[in-house]
Every structure is written in structure tokens, then in C-alpha cells.
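# here is my input; please provide its structure:
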Amino acid sequence: MPVTRITIQTPGQGLHEITDRVEQAVREAGVADGLATILIQHTSASLTIQENADPSARHDLQTWLSRLVPEHDPHFTHTAEGPDDMPSHIKAALTATSLSVPIMGGKLALGTWQGIYLWEHRRLPQHRRCVVHIA
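So this is what the prediction gives:
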């Protein structure tokens, strides 16, 4: 059962598509039918499957989540790394840190308009690590 580590350099907050990196791991594993499980190894970023055609959907998701969990909340005490510190942890807790996608015919069984995204919750650029397990 192949395991691949991928590193993604994010430019900052937002949804950053990583479908191609996961597809590459599936191709290299040579698995025709199975399951790809993706885990992000961080507590201030997450993963999601989302529309990959219209960027306004990703923008609206980012805007909505930022309104739901705003920075500078006076109740937050975990702020050592700045005003986006605790909000990024809450956003990761509300979303997903792992995804499972079936593999059919050697390809991810994503829908026509679906892509796999790393959802960066920190404002500054980050180096993010994901583990992809193919079974």
C-alpha cells in the first residue's frame, strides 16, 4: 500500500487546488481500483473537495468562513503567532483534515466540477505537508 508525502507552498489564505498532486500519487501507485486517503499534517489548514470551475465559489467560501470565525476576537487567548492564529485552528476544526476519494480505473472518482483543495487558513505563505495513502 503506497504512501506518498507531498509538500505544498501556499501563498496565504484561500483554497489552493492539489488535485494534480494527488492524481500523480495515484498514477505512481499503479492502483486500478481502490481508495486514496489524504491527510494534512497541520492544525491551521484543512482539506476540502470543492468546485474547480468557477473561482467565485472558492472566494465566497473563504469570505463566509472568515465572517464565521473573525480575527481579533477578544475571547481568544491563543494569539502568540498573530490575530489569525486561533481563527486558523477553529477553521481547521470546523472543516476536514483528511479526505477519502475512491479510485476507479486508475483515476480519482471525482465529479466533473470537483477538485481537491488545501484550504490555507493563515494569512502568510506556509509550507504544508500532506500524506497520501493509496490502498
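
# where does the residue of the chain positioned farthest from its centre fall, helix, sheet strand or coil?
Computed with C-alpha atoms, centre = their mean, the maximum C-alpha offset from the centroid of the chain is found at Pro74, amounting to 27.7 Å. Under the three-state scheme (DSSP: H, G, I helix; E, B strand; the rest coil), Pro74 adopts coil.

# and if you look at Trp64?
Once three-state DSSP is applied, Trp64 turns out helix.

# what number of residues lie near it?
Trp64: 9 surrounding residues under other C-beta atoms under 10 Å. For every residue, glycine as well, the C-beta is placed using N, CA and C.

# strands of the chain, start to end?
All strands of the chain, identified by DSSP state E, fall at 3-10, 14-17, 34-40, 45-51, 98-104, 107-108, 114-120, 126-134.

# and the angle from the fourth one to strand 3-10?
Relative orientation of strand 45-51 and strand 3-10, computed by axes from the mean of the first three to the mean of the last three C-alpha atoms, to 10 degrees: 90 degrees.
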